[in-house]
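Asker: Got a predicted structure here, sequence first:
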Amino acid sequence: MDAPHDVVIIGSGFGGIGMAARLLAAGVRDVVVLEKAAGLGGTWRDNTYPGAACDVPSHLYSFSFARKTDWSRRFPPQDEILAYLWDVARKHGVLPRVRFGTEVTEARFDEEAAVWRVSTAGGGELAARVLVSACGQLNRPALPAIEGRDSFAGTSFHSARWDHGADLTGRRVAVIGTGASAIQIVPEIAPRAGRLTVFQRSAPYVIDKPDREYRAWEKALLAAVPALHDLSRARIYASYESRALGFVKYPGLMKLMSRRFRRTLRTQIPDPRLRARLVPDYPMGCKRILLSGDYYPALVRPDVELVTDPITRITPSGVETGRAAYDVDVIVYATGFHTSGFLAPMTIVGRDGLTLDAAWRDGARAHLGITVSGFPNLFLLYGPYTNLGHNSIIYMLESQFRYVLGCVRALRETGLAWIDVRPDVQDAFDRRMRERMRSTVWEAGCASWYMTADGRVVNNWPGFTFAYRRATRRPDPRHFRAGRARPVAPARSGPR
Ligand SMILES: Cc1cc2nc3c(=O)[nH]c(=O)nc-3n(C[C@H](O)[C@H](O)[C@H](O)COP(=O)(O)OP(=O)(O)OC[C@H]3O[C@@H](n4cnc5c(N)ncnc54)[C@H](O)[C@@H]3O)c2cc1C
């Protein structure tokens with residue numbers, strides 16, 4: 001086993017790359033990033049389906065410390081985000097520190113040495129003084145438990161594992177699901193497929209996406225005048241942040257946005273019967289609001305059919321509902337991700353043999369979404385309570401980078417070996433979150449990926465993102481228990 005590294009980071013998406021870059025910039029050089037896949041990028045490496053793009057504007061969905069002024073469009077496409085992440089990793093010295101094809105299976109806190117012992121799938125082991133989980137909330141594709149799924153004789157795949165070898169030209173294609181990925185896929189493949197059938201379980205709210213290409217002079221201006229770039233970011237941030245009012249404070253305000261939805265639906269879906277099937281049966285904002293200018297127009301094509309009857313089974317030749325059988329050549333599962341486990345399926349063992357699964361038996365909890373009591377020197381990025389319905393995850397991640405960096409600095413400066421958030425501090429934070437969650441639109445009573453099986457929302461931040469930034473400005477020493485490594489007993493020379 002190597003000597004303990006200062007920091008080991010699990011995952012090389014936005015979280016892992018950004019965290020490593022900020023640590024390196026602060027002079028913490030002994031940083032290792034473990035990535036189970038063969039390349040960087042997380043979400044933006046895995047989701048290569050046709051039409052994959054972000055719904056937060058480019059200038060905000062990027063790091064404040066790695067400015068890019070030549071984004072091609074207002075909303076960045078997947079390949080451009082992925083190229084950006086590679087570029088950041090190269091320029092900030094992260095790339096040589098990434099160990100690809102290295103999946104963490106277990107991490108165990110060694111109380112004697114005050115280090116994390118990290119085991120990987122290939123049987124490797126390494127030790128870390130500080131362990132950062134940057135494995136995201138959406139990296140394990142979920143396939144639906146539909147009877148007969150494995151019996152299908154054609155081609156089938158999940159949207160996050162797009163089969164680029166499958167030619168859809170002229171084929172009969174089924175898309176199962178109408179969430180964020182599906183509404184990007186459908187308009188892209190509809191013109192190519194011979195016939196496209198879209199299976200909808202629950203209608204999403206889709207509003208127009210004000211996307212457009214940036215003109216050459218706009219890019220040149222932003223590059224020449226950095227202040228303008230900052231101004232543009234700030235303007236986008238403020239306009240997105242104002243939506244938090246509707247999500248977390250005054251859900252009644254969502255009615256204003258739902259007018260925009262109804263207008264979009266009215267103008268893009270002339271047939272009132274089809275329109276009726278596209279109206280969601282839950283309050284706006286309860287699930288993620290989706291942006292698209294071409295999803296509804298794709299649904300009115302004569303070669304596209306929307307099916308709202310529940311799927312009863314998959315057969316070798318296609319998809320069946322209670323009313324009809326749909327023979328298809330290809331099934332695309334746009335059915336989302338396993339979202340409740342955060343660090344699952346890794347085994348994480350903290351002090352006194354406490355596993356994270358046991359600590360989270362009644363739901364995931366972490367002070368500020370970052371530190372879990374009983375798990376010293378473990379920091380989570382994009383953990384519980386830090387997902388957003390209204391703004392850029394990158395802004396939240398950057399708040400977390402600063403907090404973690406503050407903890408790493410505190411460990412260095414004080415000579416302490418470990419810090420562990422106090423249980424009462426974590427409980428108080430958790431209570432505050434639960435109370436605030438009650439006034440949010442997410443608890444309005446819809447089933448969404450934000451929600452646990454027992455109906456609680458533990459993924460989302462129920463407030464303004466600037467409030468989160470303020471709360472994570474610097475770690476408060478009063479919030480932690482701390483200690484030094486226990487001295488290792490001297491080896492005995494012989495029987496006493
Ligand atoms: C299809 C899709 C569209 C999205 N669109 C938007 C959007 O429009 N706007 C927005 O704000 N957010 C969006 N998101 C959310 C997006 O996940 C975050 O914005 C952000 O990319 C998360 O970055 P991350 O680094 O935290 O996680 P990820 O990008 O998921 O990266 C996690 C990394 O950890 C690795 N990993 C996981 N477990 C292990 C392990 N045990 N060992 C080693 N490596 C491991 C994974 O392979 C992956 O590379 C979208 C997500 C998806 C899936």
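Answerer: Ah, there it is.
Asker: Of all the residues in the stretch 101-250 of the chain, which one is nearest the ligand?
Answerer: Closest residue of the stretch 101-250 of the chain to the ligand, C-beta to the nearest ligand atom: G136 (2.3 Å). (C-beta placed from N, C-alpha, C; glycine too.)
Asker: Just the element for that residue, please.
Answerer: If you go by DSSP states H and E, G136 is not part of any helix or strand.
Asker: and the closest residue to A166 other than its chain neighbours, what does it touch?
Answerer: Leaving out its chain neighbours, the residue that sits closest to A166 by C-beta to C-beta, 6 or more residues apart in numbering is T155, at 4.9 Å. Contact partners of T155, counting by C-beta atoms under 8 Å, 6 or more residues apart in numbering, are 163, 166, 329-331.
Asker: State the number of residues packed around R129.
Answerer: 21 (other C-beta atoms under 10 Å).
Asker: I'd like the distance from whichever strand or helix holds it to the chain centre, please.
Answerer: Taking DSSP H and E as the criterion, R129 maps to strand 125-133. Mean-position distance between strand 125-133 and its chain equals 22 Å (C-alpha atoms, centre = their mean, to the nearest Å).
Asker: How many residues are close by A153?
Answerer: Using other C-beta under 10 Å, A153 has 10 neighbouring residues.
Asker: Regarding the residue nearest to A364 when sequence neighbours are not counted, what is its secondary structure?
Answerer: In this structure, A364 finds its nearest non-sequential neighbour in P384, 4.2 Å apart by C-beta to C-beta, 6+ apart. Recorded secondary structure, P384: coil (DSSP: H, G, I helix; E, B strand; the rest coil).
Asker: so what's P384 up against?
Answerer: Applying C-beta under 8 Å, 6+ apart, the residues near P384 are 342, 364-366, 369, 458-459.
Asker: go on, G318?
Answerer: Contact partners of G318, counting by C-beta under 8 Å, 6+ apart, are 152, 154, 172, 174, 325-328, 331.
Asker: buried set for stretch 102-117?
Answerer: 102-104, 107-109, 111, 114-117 (16 or more other C-beta atoms under 10 Å).
Asker: and it, how far out from the chain's middle?
Answerer: 25 Å.
Asker: what does it contact?
Answerer: With contact meaning C-beta under 8 Å, 6+ apart, stretch 102-117 is reached by 1, 4, 8, 10, 34-36, 118-122, 124-125, 127-131, 346-351, 375-378, 417-418, 483-486, 488.
Asker: Going through those, which ones are buried?
Answerer: 4, 8, 10, 34-36, 118-120, 124, 127-131, 346, 348-350, 375-378, 417-418.
Asker: What parts of the stretch 251-400 of the chain come near the ligand?
Answerer: 346, 381-382, 392-393 (C-beta under 6 Å from any ligand atom).
Asker: Which two of those residues have the greatest separation?
Answerer: Pairwise distances across those (C-beta to C-beta) peak at 26.6 Å, for the pair M346 and S392.
Asker: Which positions in the stretch 1-150 of the chain make contact with the ligand?
Answerer: 10-16, 34-37, 42-43, 47, 54-56, 103-104, 134-136, 138-139.
Asker: which of those residues count as buried?
Answerer: 10-16, 34-37, 42-43, 47, 54-56, 103-104, 134-136, 138-139.
Asker: quick one: average confidence on the helix ranked longest in the chain?
Answerer: The residue-count maximum for a helix in the chain (DSSP state H) belongs to helix 393-414. Averaging pLDDT along helix 393-414 gives 97.
Asker: Identify the residues contacting the next helix or strand after that helix?
Answerer: As assigned by DSSP H and E, the chain's next helix or strand after helix 393-414 is strand 418-421. Here strand 418-421 makes contact (C-beta under 8 Å, 6+ apart) with 114, 351, 367, 371-377, 407, 410-411, 475, 479-483, 485.
Asker: what do you get for stretch 120-129?
Answerer: 1-8, 32, 34, 36, 101-105, 110, 113-119, 377, 411, 417.
Asker: Which of the residues you listed fall in helices?
Answerer: Under the assignment DSSP H, these contribute L411 to helices.
Asker: Point out where the stretch 301-450 of the chain drops to low pLDDT.
Answerer: Applying pLDDT under 70 to the stretch 301-450 of the chain flags residues 443-450.
Asker: how about the strands in it?
Answerer: Along the stretch 301-450 of the chain, counting by DSSP state E, counting those that start in this stretch, strands occupy 304-307, 311-315, 318-321, 325-327, 330-333, 347-349, 378-380, 418-421.
Asker: CA atoms only: put the second one into CSV for me.
Answerer: In this case it means strand 311-315. The C-alpha trace of strand 311-315 is given here as CSV (Å, rounded to 0.1, in the frame of the first residue of the first chain):
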residue,chain,number,x,y,z
ILE,A,311,-47.0,-0.7,-19.8
THR,A,312,-47.9,-4.2,-18.7
ARG,A,313,-45.0,-6.2,-20.2
ILE,A,314,-42.3,-6.4,-22.7
THR,A,315,-42.4,-9.3,-25.1
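Asker: Check which residues of that strand are buried.
Answerer: By 16+ other C-beta under 10 Å, the buried positions in strand 311-315 come out as 311, 314-315.
Asker: Export those as TSV, with columns for distance to M437.
Answerer: Shown next, in TSV, are those (distance: C-beta to C-beta, whole Å):
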residue	distance to M437
I311	32
I314	37
T315	42
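Asker: what's the closest of these to the ligand?
Answerer: For the buried residues of strand 311-315, the nearest to the ligand is I311 (21.7 Å; C-beta to the nearest ligand atom).
Asker: before we move on, what SS does the closest residue to G101 other than its chain neighbours have?
Answerer: Once flanking residues are discounted, G101 sits nearest to A38: 5.8 Å by C-beta to C-beta, 6+ apart. Classification of A38 by three-state DSSP places it in coil.
Asker: Show me where the chain has its helices.
Answerer: With DSSP H as the criterion, the chain has helices spanning 14-25, 43-46, 78-91, 180-189, 216-224, 226-241, 244, 254-268, 272-277, 295-299, 356-359, 393-414, 423-437, 465-471.
Asker: What mean pLDDT does the second one get?
Answerer: Throughout helix 43-46, pLDDT has a mean value of 98.
Asker: Any idea how far that helix is from the middle of the chain?
Answerer: Distance, centroid of helix 43-46 to centroid of chain: 10 Å (C-alpha atoms, centre = their mean).
Asker: okay, the nearest residue to L245 once chain neighbours are set aside: pLDDT?
Answerer: Nearest non-adjacent residue to L245, counting by C-beta to C-beta, 6+ apart: L253, 5.7 Å away. pLDDT for L253: 75.
Asker: Help me confirm that L253 comes into contact with A244.
Answerer: No - between L253 and A244 there is no contact under C-beta atoms under 8 Å: 10.1 Å.
Asker: so what's T355 up against?
Answerer: So T355 contacts 347-349 (C-beta under 8 Å, 6+ apart).
Asker: Please apply the same query to P204.
Answerer: By C-beta under 8 Å, 6+ apart, P204 lies in contact with 178-179, 183, 280, 287-290.
Asker: let's see it at 6 Å
Answerer: When contacts are counted by C-beta atoms under 6 Å, 6 or more residues apart in numbering, P204 touches 178, 290.
Asker: per-residue pLDDT, H229?
Answerer: Reading off the confidence values, H229 has pLDDT 91.
Asker: Number of residues surrounding the closest residue to Q78 other than its chain neighbours?
Answerer: Nearest non-adjacent residue to Q78, counting by C-beta to C-beta, 6+ apart: A52, 3.7 Å away. Residues lying near A52 (other C-beta under 10 Å) number 23.
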